[in-house]
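**Q** when you get a sec, could you give me coordinates for this:
(chains A and B)
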Amino acid sequence: MRIVASLTVAAALGAAALFGEVLAPYDPTATVSPPWTPPGPGLALGADGLGRDVVSRVLAGGRELTLVAAVAALTATAVGVAGGLWAGWRGRGGRALLGGADLLLALPMLLIAMVLAVALPGPVAVVAGTVCGGAPLTLRVIADATRQVRHTGYVEAAVARGERSGTVLVREVLPALAGVVGADVGLRCVLALQLAAALSLLGFGPAPPTPDWAAMLRENLPGVTLNPAALVAPAAALAALTLLVAALGHAAATRGRSR
Amino acid sequence: MSAGLLVDGLVVRSVTRAVVEEVSLQARPGDVIALVGPSGAGKTTIVRAVLGALPPGLRRTAGTVSWAGAAVPPGTAARHWRRCTVGVLGQDPAAALHPLLDVRATVAEGLEPARLGRPAAQARIRAALASTGLDPDVVLHRRPHQLSGGQAQRVALARAVVADPPLLLLDEPTSALDAATLEIVYGMLARRRGDGRSVTLVVSHDADLVARLADAVVPIGAPPPPRTSQPPRRPRPAGGTAVLRTQGMRLAQPAGATVLLDGAELAVHEGELVAVLGPSGAGKTTLLRAIAGLHPPEAGRLSLRGAPLPWPVTERGTAERRAVQLVGQHPGAAFNPAHRVGTALRRPLRLLRGITGAAASAETARLLALVGLDPALHRARPGALSGGQLQRVALARALAAAPGVLLADEVTAALDAATAAAILDLLDELRRRGLAVFAVTHDRHVAARADHVLHLADRELLPDRAEEDTRAHR
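**A** Numbers count the residues shown, from 1 in each chain, chains lettered A, B, ... in the order given. Presented below is the predicted three-dimensional model:
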């Protein structure tokens, strides 16, 4: 019962972040009232500096952020898991790969992300930054877990019946590590969200007037004394999304362990 | 209220069914209580319920557990009670030892070193190891991967008894021990018995232990059906080329280090059962793993039906891999926790014998029935099966390949007497159809059915004197 309830809440929050635009009472880019109107009847969270409805902009501003973060997290985890399985399986042969991952970890992640953001379009920079900063961590964890699983009876049995290395990794090792991988996707998604928000805040995100939670933080900071809700609402939405992702990752990890 | 342990009307349920139904038992101080029953009856679950530490998915729905007159609450509330009062030995000792802790640190987990001084704690640790028949000087700084199955079990036992706990819970404490070590462990349990203070609850398939040490026996689950056993018939005497032969085999563990076995000559003929006995830690498991192609030997030749067989399993062809099948010592780690039993059985069928689809499902059901399991278990995941059930699934997986020679490492260790006898009958039956079995064991029932009994000790593999003598007098 608890699982069903939690999943319902998670699905509702996720759907709101992705498809909230259809619930928006106004066009999120249209001016509907004087600038910095405080919350009142008809405008539950007031208006921003251009007189646009904050509720509508919050509802519409999560889609790109969520999608980019999800794509970035899945890409980073996929790259990290593939590399980690290979490096852990090969033992000594995988050391070069682990060394490369360590080298990437030694570079400050924000620096890499800024350089990428200058050179590439915003969403691509987020994905590339998450892969550079997140995949090496995943790789290390998965490589170590793979090394431990390598000598269990079921992996030896698979090798003994003549499975190819790739098949052993995909059919035997990966399912046994499913919980770790699930938790890892959650962590990388949080990282990607932070990176996407940071780049968007610095102006590398979607161009105005497109609604975007991180961009709203920047746009609405000057009017914080006139309408604080315009700043608090997107911040709260970002926090809620991050918590949701972290909780899903945790759930995946515990499910994987109890099996 | 009575002192000691009192369990009244204990019921443990999973989401779908009752795993333990209405179990009651009483143990006065000084008692040794034995839980016996067929594998899968819920014996391990009872031990965990008494501890108040059930795995996720199981819940104690009725009944009480009380210690010294006070009720033991389930779950984390009993943590302090467990820390101070209970010593536990789990069923799969290899899994219960932390891979990064050496033996000294592992046994020290059972103590509260803050209360004792460091020298006193050291002395207790050495005494506990010695009481299980281990030489503290030899094993103290070894890590779990440097221990044999029997040594690991005794280290776990030492950890359970090091603090001399008032309540000791032992789950199959002797499943991996040879005859000489058994006596030492029996002696240790006998000293606890009748000391007027401590209670011991032991789950065991070892009829000897139960008969000699238990003050009361609590049967769990339906009694096993009366055995329709034939007296151990000898399959026809073998002749011709050996199915499996080794020459000049030298083994070291870890590879390249301590030599365990030098110059071993070994031949297993069609239909034969060759059993290897030997003290724990002598290299019995390593010998089997080397033949199975999972442990590189230092030297020696191996041949299968007269043709040379490469040592590493990865260099063997499909027919060769199919012909040599290993049933490992630790059924708990032998199955991928993510795969159902049916998947684990269908894969070798497909890969080694090319059987797929409906034929594979039928063959899976036949194999499970063959080893005395309910074919409906093919939908279960390994986590839901008991140690004895897993051991039989492991045997079924090896038989799925229809091998020429079966390498069996302690194949009856986690089984009750009736099931073990049924498995040995099954092996006899398969041997009549030509299967050769090479078994490492400490179980004299296995040795009694063997055509040849070898003894592995001091780097040598020789015919077992005692066994040959009894044969001669029969």
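**Q** who's in contact with the nearest residue to residue A:27 once chain neighbours are set aside?
**A** Taking C-beta to C-beta, 6 or more residues apart in numbering or on different chains, and ignoring the residues beside it in sequence, residue A:27 has residue A:56 as its nearest neighbour in space, at 7.0 Å. C-beta here means a position set from N, CA and C on the backbone, and glycine is covered the same way. For residue A:56, the contact set (C-beta atoms under 8 Å, 6 or more residues apart in numbering or on different chains) comprises A:24, A:25, A:26, A:27, A:28, A:211.
**Q** ok, now which ones touch the residue of the stretch 1-150 of chain A found nearest chain B?
**A** Closest contact between the stretch 1-150 of chain A and chain B, by C-beta to the nearest C-beta, is at residue A:148 (8.0 Å). For residue A:148, the contacting residues are residue B:99, taking C-beta under 8 Å, 6+ apart as the criterion.
**Q** burial of residue B:53, as a residue count?
**A** Counted with other C-beta atoms under 10 Å in any protein chain shown, the neighbours of residue B:53 add up to 16.
**Q** tell me the secondary structure for the residue nearest to it when sequence neighbours are not counted?
**A** Among residues not flanking residue B:53 along the chain, residue B:82 sits closest, at 7.2 Å (C-beta to C-beta, 6+ apart). Using DSSP: H, G, I helix; E, B strand; the rest coil, the structure places residue B:82 in helix.
**Q** thought residue B:337 was touching residue B:383?
**A** Yes. Distance between residue B:337 and residue B:383: 5.8 Å, which falls inside the contact criterion (C-beta atoms under 8 Å).
**Q** which of the two has more neighbours?
**A** When neighbours are counted by other C-beta under 10 Å, residue B:337 comes out ahead of the other of residue B:337 and residue B:383, with 19 against 15.
**Q** is the more buried one located within a strand, as I assumed?
**A** No. Counting by three-state DSSP, one finds residue B:337 to be coil, located in no strand.
**Q** sec struct for the residue nearest to residue A:213 when sequence neighbours are not counted, please.
**A** With C-beta to C-beta, 6+ apart as the criterion, residue A:213 has its nearest non-adjacent residue at 4.0 Å, and that residue is residue A:234. For residue A:234, the secondary-structure state derived from three-state DSSP is helix.
**Q** how near is residue A:234 to chain B?
**A** Taking C-beta to the nearest C-beta, to the nearest Å as the measure, residue A:234 and chain B are separated by 39 Å.
**Q** burial count for that residue?
**A** Applying the criterion other C-beta under 10 Å, we find 29 residues in the vicinity of residue A:234.
**Q** that one reaches residue A:218, doesn't it?
**A** No. At 9.9 Å, residue A:234 and residue A:218 do not qualify as touching, with contact defined as C-beta under 8 Å.
**Q** helix, strand or coil for residue B:402?
**A** Strictly by three-state DSSP, residue B:402 counts as coil.
**Q** relative to residue B:388, how far out is the residue nearest the centre of chain B?
**A** Closest residue to the average C-alpha location of chain B: residue B:413 at 4.1 Å, with C-alpha atoms, centre = their mean. As for residue B:413, its distance to residue B:388 is 9 Å (criterion: C-beta to C-beta, to the nearest Å).
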